[in-house]
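Asks: got a sequence here, can you model it:
(2 chains)
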Number of protein chains: 2
Amino acid sequence: MRFTSEQRLDDGVLEREFTLGEIPGILWTPTSAPAPLVLLGHPGGLHRMYPRLVARARHSAAEGFATATIELPGSGGRPRSAIAEQARADLRRALEAGGPVDDEIVDRLILPLVDEAVPEWQAALDALLPLPEISGPVGYSGGVISIGVRLAVTEPRIAAAVLFAGSFVPRTTFQEARQVTIPLHVLLQWDDEGNDRQSALDLFDAFGSAEKTLHANTGGHTGVPQHAGDAAARFFTRHLAQDQTTGTPI
Amino acid sequence: MRFTSEQRLDDGVLEREFTLGEIPGILWTPTSAPAPLVLLGHPGGLHRMYPRLVARARHSAAEGFATATIELPGSGGRPRSAIAEQARADLRRALEAGGPVDDEIVDRLILPLVDEAVPEWQAALDALLPLPEISGPVGYSGGVISIGVRLAVTEPRIAAAVLFAGSFVPRTTFQEARQVTIPLHVLLQWDDEGNDRQSALDLFDAFGSAEKTLHANTGGHTGVPQHAGDAAARFFTRHLAQDQTTGTPI
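Replies: Just a heads-up that it's a prediction; the model follows:
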């Protein structure tokens, strides 16, 4: 991992861009470092998503968390995948035709992305966790839900996850959801026009976690209310915040 | 309204039993009075419910709220209703037979209770709001969901409500739900063995409120986690807490 730029935001948060091999990423650390780390998921396109990401990073920093994110395969300046581009075109056609979207299209769109992205997020953890500003445990928040589910199942360093219910969930993700055991906090926008509400409720039901919470709010995809963000932050505080002296949860 | 007993709890909360005509009730006021009032709903049986009610009252007082509750018609020491007793016996038979419960039985069980209870809670408001320890606005929390819905629709002094998803919801309640416009915070225990989850989700969908939140948590009927109670308290703080000097929401 190589840091390529550094700036201190007006609230004292240190923002550093980095590259991990060819993958660009951003790390935000609060003044209260060392701090537990939350990985910020997103749908791809760091530059386009930057305003929302930095807002989440500042909010998390105020709660005592460091945050980091990396670009997704095929997004931003990263090489496009012919398979994903074809699947996206097929998806667009299916949506324009007004019909249901074949599982097969969803699989082609999402599964290669998950297969490629998850080891990259794990490599980011390998690079980030040794930094003196970062302490465990780690949370994962948002982004493509199938990536969050795969990480929750396969990456033992992730201790808790906030997931955003989204559409186009492969059947594989439902199967993996049953194997998830870490505490989950799932956000669902009740009136999300691009979201299959029943599918989101079925996925919530499928999660194997003994502690799981669904927060559903009125409003569309980008209308997550402030209080829902606050509740997600409190979820991480419950599960990640440690007394740095004793190592016991506060 | 006549106060019949008074004691100060160890956290400074003043607990006063009262009678409103023949109806027994309890009022809890925090040391920070005057305080906004939250009406504590329950399934009936003040004496049996007292441990849970006083816990909710203490929690609310710590957040700066006064709380009050009254006995339901036909519960505790209040006269039994022959109609309700018959409906309860029919319900028990239907449940023992393992079949679905006829809407007609649910109507006989719930609707007369709602018709009788709602004016009593309104009378309690008439008696409580002039007390110097109480300030507006008023919240309603929990209990029989059909009573909460009817109060939310018909009682303009109630500005926000926390509702517990429960079973045996008459079709009338679904119709009334569409007329509810106040902010709602709905709690659903995802694994509540005595609860029809789909019916609860349908009722949440039916509410007409522009701001409504569903918090679903793993666990059975009485397993509401501590953090869910905290979130409900924050909901009331957002909607009821006033700067007592200026009257503007904090």
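Asks: burial check on residue A:15, number of neighbours?
Replies: Other residues near residue A:15 number 18, with proximity taken as other C-beta atoms under 10 Å in any protein chain shown. The C-beta positions use only the backbone N, C-alpha and C, and glycine is treated the same way.
Asks: select the longest strand from chain A.
Replies: Under DSSP state E, the strand in chain A containing the largest number of residues is strand A:134-142.
Asks: so which bits of that strand are buried?
Replies: Buried residues in strand A:134-142, defined by neighbour count with 16 or more other C-beta atoms under 10 Å in any protein chain shown: A:134, A:135, A:137, A:138, A:139, A:140, A:141, A:142.
Asks: contact residues of chain A facing chain B?
Replies: Listed as neighbours of chain B in chain A under the rule C-beta under 8 Å from any C-beta of the partner chain: A:190, A:201, A:204-205, A:209-218, A:225, A:227-228, A:230-231, A:234-235, A:238.
Asks: give the next helix or strand downstream of the longest strand of chain A.
Replies: helix A:145-154 (DSSP states H and E).
Asks: re the thing from before, which other helices and strands contact the longest strand of chain A?
Replies: For strand A:134-142, the helices and strands in contact under the criterion 3 or more C-beta pairs under 8 Å, 6 or more residues apart in numbering or on different chains; DSSP states H and E are strand A:35-41, helix A:103-128, helix A:145-154, strand A:158-164, helix A:226-240.
Asks: circling back: now a ChimeraX select for only the buried ones of the residues of chain A next to chain B.
Replies: Isolation of the buried members of the residues of chain A next to chain B (16+ other C-beta under 10 Å) is achieved in ChimeraX through the command below:
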select /A:190,201,204,205,209,211,212,213,214,215,216,217,218,225,227,228,231,234,235,238
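Asks: any idea how many residues pack against residue A:160?
Replies: Counted by other C-beta under 10 Å, the residues lying close to residue A:160 total 23.
Asks: isn't it right up against residue A:237?
Replies: No: contact status for residue A:160 versus residue A:237: not in contact, 10.2 Å apart, counting by C-beta atoms under 8 Å.
Asks: ok, now which ones touch residue A:5?
Replies: By C-beta atoms under 8 Å, 6 or more residues apart in numbering or on different chains, the residues touching residue A:5 are A:16, A:17.
Asks: next, the contact list for residue A:233, please.
Replies: A:59, A:60, A:63, A:65.
Asks: give me the phi and psi for residue A:225.
Replies: Summarising the backbone geometry of residue A:225 under the convention degrees, to the nearest 10, its torsions are phi -70, psi 160.
Asks: need the per-residue pLDDT for the residue positioned nearest the centre of chain A.
Replies: For chain A, the residue sitting closest to the mean C-alpha position, by C-alpha atoms, centre = their mean, is residue A:41 at 2.5 Å. Listed pLDDT for residue A:41 reads 96.
Asks: flag the shaky bits of chain A, pLDDT-wise.
Replies: Counting by pLDDT under 70, chain A shows low-confidence ranges at A:242-250.
Asks: show the backbone phi and psi for the most far-flung residue of it relative to its centre.
Replies: If you look at how far each residue of chain A sits from its centre, by C-alpha atoms, centre = their mean, the farthest one is residue A:97, at 30.5 Å. Summarising the backbone geometry of residue A:97 under the convention degrees, to the nearest 10, its torsions are phi -70, psi -10.
Asks: residue A:57 - nearest residue in space that isn't next to it in sequence?
Replies: Setting aside the residues directly before and after it, residue A:57 is nearest to residue A:28 in space (C-beta to C-beta, 6 or more residues apart in numbering or on different chains), at 3.9 Å.
Asks: please disregard the earlier target; I meant residue A:9.
Replies: Excluding its sequence neighbours, the residue lying closest to residue A:9 (C-beta to C-beta, 6+ apart) is residue A:15, at 5.8 Å.
Asks: list the buried residues in whichever strand or helix holds residue A:85.
Replies: For residue A:85, the enclosing helix or strand under DSSP H and E is helix A:82-96. Within helix A:82-96, the residues that count as buried by 16+ other C-beta under 10 Å are A:84, A:87, A:88, A:90, A:91.
Asks: in a markdown table, list those residues along with distance to residue A:115.
Replies: Formatted as a markdown table, the buried residues of helix A:82-96 follow (distance: C-beta to C-beta, whole Å):
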| residue | distance to residue A:115 |
| --- | --- |
| A:84 | 12 |
| A:87 | 14 |
| A:88 | 17 |
| A:90 | 19 |
| A:91 | 18 |
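Asks: just those residues now: which is nearest chain B?
Replies: When the buried residues of helix A:82-96 are compared for distance to chain B, the smallest value, 27.1 Å, is given by residue A:91; criterion: C-beta to the nearest C-beta.
Asks: so who does the closest one touch?
Replies: Taking C-beta under 8 Å, 6+ apart, one finds A:101, A:105, A:106, A:109, A:168 in contact with residue A:91.
Asks: okay, the residues you listed in a markdown table with neighbour count next?
Replies: As requested, the contacts of residue A:91 are arranged in a markdown table below (neighbours: other C-beta atoms under 10 Å in any protein chain shown):
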| residue | neighbour count |
| --- | --- |
| A:101 | 17 |
| A:105 | 18 |
| A:106 | 22 |
| A:109 | 21 |
| A:168 | 21 |
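Asks: rewinding a little: just the angle between the longest strand of chain A and helix A:145-154, please?
Replies: Comparing the axes of strand A:134-142 and helix A:145-154 via axes from the mean of the first three to the mean of the last three C-alpha atoms, to 10 degrees yields an angle of 140 degrees.
Asks: neighbouring strands for strand A:134-142, and are they parallel or not?
Replies: Here strand A:134-142 is paired, per DSSP bridges, with strand A:35-41 (parallel), strand A:158-164 (parallel).
Asks: who touches that strand?
Replies: Residues lying outside strand A:134-142 but in contact with it, judged by C-beta under 8 Å, 6+ apart, are A:29, A:33-42, A:56, A:65-66, A:121, A:125, A:128-129, A:148, A:151-152, A:157-164, A:232, A:236, A:239-240, A:242, A:244.
Asks: list buried residues within those residues.
Replies: Among these, those scoring as buried are A:29, A:33-42, A:56, A:65-66, A:121, A:125, A:128, A:148, A:151-152, A:158-164, A:232, A:236, A:239-240, A:242 (criterion: 16+ other C-beta under 10 Å).
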